[in-house]
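> my questions are about this predicted structure, shown below with the sequence.
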Amino acid sequence: MKVLVPVKRVVDYNVKVRVKSDQSGVDIANVKMSMNPFDEIAVEEATRLKEKSVATEVVAVSCGVAGCQETLRTAMAIGADRGLLVQTDAELQPLAVAKLLKALVDKEQPQLVILGKQAIDDDANQTGQMLAALLDWPQATFASKVEVSGDSVQVTREVDGGLETLSLKLPAIITTDLRLNEPRYVTLPNIMKAKKKTLDVVTPEDLGVDVAPRLKTLKVSEPPARSAGIIVPDVATLVDKLKNEAKVI
Amino acid sequence: MSILVIAEHDNAHLKGATLNTIAAAQKVGGDVHVLVAGAGVQAVAQQAAQAAGVAKVLVADAPVLAEGLAENVAAQVLALAQGYSHILFAATASGKNVAPRVAAKLDVAQISDIIAVDSADTFERPIYAGNAIATVQSADPIKVITVRTTGFDPVAATGGQAAVEAVDAVADSGLSSFVGREVAKSDRPELAGATRVVSGGRGLGSAENFKLLDPLADKLGAAIGASRAAVDAGYAPNDWQVGQTGKIVAPQLYVAVGISGAIQHLAGMKDSKVIVAINKDAEAPIFGVADYGLVADLFQAVPELAGAL
């Protein structure tokens, strides 16, 4: 069984981005870029499926600028067998990415696509579900446990108030939540090995996909700032303030 | 112009998030219709019909819709989509699950997690964990939207008298099936809509110590939340997670206990009315957003606070 794992290059989660003064976007020049954390969990899960001999090949794919090759190398250092980049400098919105991924799925014919549930830059939480819709495949989002058996996969999902378990017919789409696994540390020997793995590059034109954005960003602004309050010396003062000043208890 | 709001429910009760979503729909302007898709949902339909500002309730009642499977619910929405200018879901686990499936099938962009409606085609949404607010405009004929419930005050739950109309339910997709559900039983209010929240972080040190928050939450009638660090460490279940990748809350009172205040956490609670932080590290970033900060050992301060209330 082949597993496809899309990975996104995003601003590292430790970086606090700044809004540009002309409100045209956020300033991401010279900031650290990393693989989206939920995608790392996806690569780890696919790698574990391969280690359990459930998967035969793990293909990491990314859509975006040339720098995404680094992200793919990281995926290959975790355990992906090869990489595939759809290279473009164009702005890519989730629907366009889902269409690019559909074209790759048509070509690669995986039985399972595992994606992160959400990218931490645009916080959209759309691509996996959109890909499932375009392919007419079943989906299990926010997965915390994945078990493949025969021609189906049983997935436990994080939902409001608890957990829910679904059974999907393969081929299927899974998106990862936080507790699915803890991605391994990438070792130096594996980084060296990853450099020798195959990384193919195609363009949206090669795949015949129109990636024109559907949403126009009119402006990007700072959220209203919340100012710091006061430090109270003890619990008694805190209770007094909550009762008499804030009037919330 | 008509707007379709997809009701959030458990087949017995209409969830509060639906009322916030109806409020967002009213800001767009136009007739607001509510779709109740489920099994044995007549009571839910009646509750939706009473919500203020609803013109019509559509009910799709069939066993294939009982468990809210994304494939079936999306198909149900798509069967009704034509004729609507906007389709709104609450940005909850189920709304986020289904909405993009509907958008992709309609070949339109989805606008996620809106916090404000500027006009019928222009919306505001947080990006980068709420460190920036993007104003986006959609040119698509149908706008598929998820609504961050904390961005909109709910409409009144009663007072409305909408017509209730049955619609044909879709057939089962045959692609997925429901196996089971483990719902944590709790007498506490639901985290997402609670007016008071007590949240714990890594400072609590263990799952055992997390119970320290119970008496305080009991006294306040509060829901219990957790930081991502605490969930990561296994101190608390994931559905307690408050933050960028968990739940977004905006209660009247938010008490952060042993939480340092990473950006990812602040993204989920900084719209709370009053924030209290209890942390022994005076340099913790949480104090930068707290109205009242108490620099203290939480193992002493929390029981003391619970005792004083």
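Looks like it came in fine. Quick caveat: nothing in here was measured; it's all calculated off a predicted structure.

> next, the contact list for B:A171, please.
B:V64 (CB atoms under 8 Å, 6 or more residues apart in numbering or on different chains). Where you see a C-beta, it was placed from the backbone N, CA and C, and this is true even at glycine.

> what's the spacing between it and B:V295?
61 Å (CB to CB, to the nearest Å).

> so how far is B:V155 from A:D123?
From A:D123 over to B:V155 (counting by CB to CB), the distance is 26 Å.

> actually A:V3, not the one I wrote
Counting by CB to CB - A:V3 and B:V155 are separated by 45 Å.

> so which of these two has more stuff around it?
A:V3 (28 against 21; other CB atoms under 10 Å in any protein chain shown).

> pretty sure the more buried one belongs to a strand, no?
Yes. Under DSSP: H, G, I helix; E, B strand; the rest coil, A:V3 sits within a strand.

> can you tell me the SS state at B:A48?
When classified by three-state DSSP, B:A48 comes out as helix.

> wait, it sits on B:T18?
Yes. Contact criterion CB atoms under 8 Å: B:A48 and B:T18 qualify, at 7.0 Å.

> spit out the residues that contact those two alike.
B:A7, B:V34.

> mind listing what's buried in the lengthiest strand in chain A?
Taking DSSP state E as the criterion, chain A has its longest strand at strand A:139-149. Within strand A:139-149, the residues that qualify as buried are A:Q139, A:A140, A:T141, A:F142, A:A143, A:S144, A:K145, A:V146, A:V148, counting by 16 or more other CB atoms under 10 Å in any protein chain shown.

> any idea how far A:L166 is from the third one?
When CB to CB is applied, the distance between A:T141 and A:L166 equals 10 Å.

> tell me where the stretch 201-309 of chain B has helices.
Using DSSP state H, counting those that start in this stretch, the helices of the stretch 201-309 of chain B run over B:207-210, B:213-220, B:228-232, B:263-269, B:298-308.

> single out the most deeply packed of those.
helix B:263-269 (a mean of 24; mean count of other CB atoms under 10 Å in any protein chain shown).

> and for that one, what are the contacting residues?
A:13, A:16, B:126, B:129-131, B:197, B:199, B:201, B:225, B:227-229, B:241-250, B:254, B:256, B:259, B:275, B:285-286, B:289.

> which among those end up buried?
A:13, B:126, B:129-131, B:197, B:199, B:201, B:225, B:227-229, B:241-250, B:254, B:256, B:259, B:275, B:285-286, B:289.

> excluding chain neighbours, what is closest to the closest residue to chain A within the stretch 201-309 of chain B?
At 3.7 Å from chain A, B:D291 is the closest residue in the stretch 201-309 of chain B, using CB to the nearest CB. Counting by CB to CB, 6 or more residues apart in numbering or on different chains, B:D291 lies nearest to A:G229, which is 3.7 Å off, once chain neighbours are set aside.

> report the central residue of the chain.
As the question left the chain open, I've gone with chain A. A:G116 (3.3 Å; CA atoms, centre = their mean).

> let me rephrase: I mean chain B.
Centre-nearest of chain B using CA atoms, centre = their mean is B:T92, 4.3 Å out.

> who's in contact with the nearest residue to A:A236 once chain neighbours are set aside?
Nearest residue to A:A236, sequence neighbours excluded (CB to CB, 6+ apart): B:A308, at 6.7 Å. Contact analysis of B:A308 by CB under 8 Å, 6+ apart lists A:V235, A:A236, A:V239.

> can you select the buried ones among those residues for me in PyMOL?
Here is the PyMOL command that selects the buried residues among the contacts of B:A308 (16+ other CB under 10 Å):
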select buried, chain A and resi 235+239
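
> could you dump the contacts of B:A308 into a markdown table and include secondary structure and pLDDT?
Shown next, in a markdown table, are the contacts of B:A308 (DSSP: H, G, I helix; E, B strand; the rest coil; pLDDT from 0 to 100):
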| residue | secondary structure | pLDDT |
| --- | --- | --- |
| A:V235 | helix | 97 |
| A:A236 | helix | 96 |
| A:V239 | helix | 97 |
